[in-house]
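K.L.:
Show me how the following folds:
(one chain, ligands or ions: 1)
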Amino acid sequence: MSGLVIPGGESSVMDKLARTFGVADVVRRRIAEGLPVYGTCAGMIMLADTVLDGIRGQQSFGGLDVAVRRNAFGAQTESFEADLEVPELGDPPVHAVFIRAPVVAELGPRARALAALPDGTVVAVEQGALLGTSFHPEMTDELRFHRYFLDKVAVSSAGSSRP
Ligand SMILES: NC(=O)CC[C@H](N)C(=O)O
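P.N.:
Presented below is the predicted three-dimensional model:
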């Protein structure tokens, strides 16, 4: 396996299923070994070292030195779209779809913000081979975040002998 995408959905369910079926520790280990992982929305929650406003006992895989707040904009009906300036990706801005989205509430020193809303709220972050976005990149024709992740996979695969 050369990369993993953890999609949107419901992080508390992903956590329960991952632990019930014995996947959580394997994913944690592979993340620690440098596996490229792109977490979108609920997936970003799973990559966060700290989850704020999780359900009781909710755990994440971790890896990203961030605290992510679940459901930061409120209910499903508060979902929205926004154009994001992403310096790393250049022009034009990235049109992003936020569905009951989380935000990066705290950014640790090892993580780097890639994009923020106009009020400064961080909604895209990277750390080495890990990438997290609050929004759903699969909801538009915008492919630059997908490509950005695939570049991480290519770099990682080039430097690894693991099958
Ligand atoms: N679109 C999404 O992935 C929503 C994430 C969801 N609110 C959660 O806590 O996991």
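K.L.:
biggest helix in the chain by residues?
P.N.:
The longest helix of the chain (DSSP state H) is helix 144-158.
K.L.:
Can you name the residues in contact with it?
P.N.:
With contacts defined as C-beta atoms under 8 Å, 6 or more residues apart in numbering, helix 144-158 is touched by 2-3, 5, 34-36, 38, 86, 88-89, 94, 124, 129, 131, 133, 137. Any C-beta I mention is one placed from the backbone N, CA and C, and that applies to glycine too.
K.L.:
Filter these down to just the buried residues.
P.N.:
For those, a neighbour count by 16 or more other C-beta atoms under 10 Å gives the buried set as 3, 35-36, 38, 86, 89, 94, 124, 129, 131, 133, 137.
K.L.:
so where's this structure uncertain?
P.N.:
Across the chain, residues meeting the criterion (pLDDT under 70) sit at 161-163.
K.L.:
and it, which of its residues are near the ligand?
P.N.:
For the chain, the residues in contact with the ligand (C-beta under 6 Å from any ligand atom) are 8-11, 41-42, 45, 70-71, 99-100.
K.L.:
how about a cut-off of 5 Å?
P.N.:
Applying C-beta under 5 Å from any ligand atom, we find that the chain lies next to the ligand at 8, 10-11, 41-42, 70-71, 99-100.
K.L.:
okay, those residues in a markdown table with neighbour count next?
P.N.:
Listed next are the residues of the chain next to the ligand as a markdown table, based on neighbours: other C-beta atoms under 10 Å:
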| residue | neighbour count |
| --- | --- |
| Gly8 | 25 |
| Glu10 | 15 |
| Ser11 | 28 |
| Cys41 | 26 |
| Ala42 | 23 |
| Arg70 | 22 |
| Asn71 | 17 |
| Ile99 | 17 |
| Arg100 | 18 |
